[in-house]
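Peer 1: just need the structure, nothing else, for what follows:
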Amino acid sequence: MTSKRSKLQEDTYFRVLRLLQENPEMSQRELAKVAGISVGGMHYVLSALVDKGLVKLGNFTASEDKRRYAYVLTPKGIARKASLTRAFLMRKMEEYDALKEEIRSLQLDLDGSETEGRS
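Peer 2: Below is the predicted model of the structure:
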């Protein structure tokens, strides 16, 4: 069984890989804000993705006098994003089904208590 911490890490990797695939020129600060983590946390995540060979660094010119990094998904990164997408979707569908069941159960409880109150 996967721990809660590793699921959270996988979700973060998934979100970051997805963001980078859509816009590789996002800064660490922008990525952190969208992903809802600290800039230091984003630095750690990006370093881990680079170390795993899922992302590579490229340069681009942000303006005439500034150079920034572009975080480009590698073929291995694209494949890992696909597997993370499947796992993320499966987990969210299970959560959705459990939530629907809980709502149904609560509605039945509420309907039952309202009926008892009228007796």
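Peer 1: tell me how far the most centrally placed residue in the chain lies from residue 88.
Peer 2: Geometric centre of the chain, nearest residue: residue 15, 3.0 Å, by C-alpha atoms, centre = their mean. Applying C-beta to C-beta, to the nearest Å, the value for residue 15 to residue 88 is 9 Å. The C-beta positions use only the backbone N, C-alpha and C, and glycine is treated the same way.
Peer 1: which residues does residue 4 contact?
Peer 2: Contact partners of residue 4, counting by C-beta atoms under 8 Å, 6 or more residues apart in numbering, are absent.
Peer 1: measure it to residue 14 for me?
Peer 2: 15 Å.
Peer 1: I'd like to know which elements the host helix or strand of residue 107 is packed against.
Peer 2: Assessed by DSSP states H and E, residue 107 sits inside helix 75-118. Judged by 3 or more C-beta pairs under 8 Å, 6 or more residues apart in numbering; DSSP states H and E, helix 75-118 is in contact with helix 4-22.
Peer 1: now the helix it packs on: average pLDDT?
Peer 2: Averaging pLDDT along helix 4-22 gives 90.
Peer 1: which parts of it are buried?
Peer 2: Neighbour counts over helix 4-22 (16 or more other C-beta atoms under 10 Å) mark 10, 11, 12, 13, 14, 15, 16, 17, 19, 20 as buried.
Peer 1: any weak-confidence spans in the chain?
Peer 2: Along the chain, the model assigns pLDDT under 70 to residues 1-2, 60-67, 117-119.
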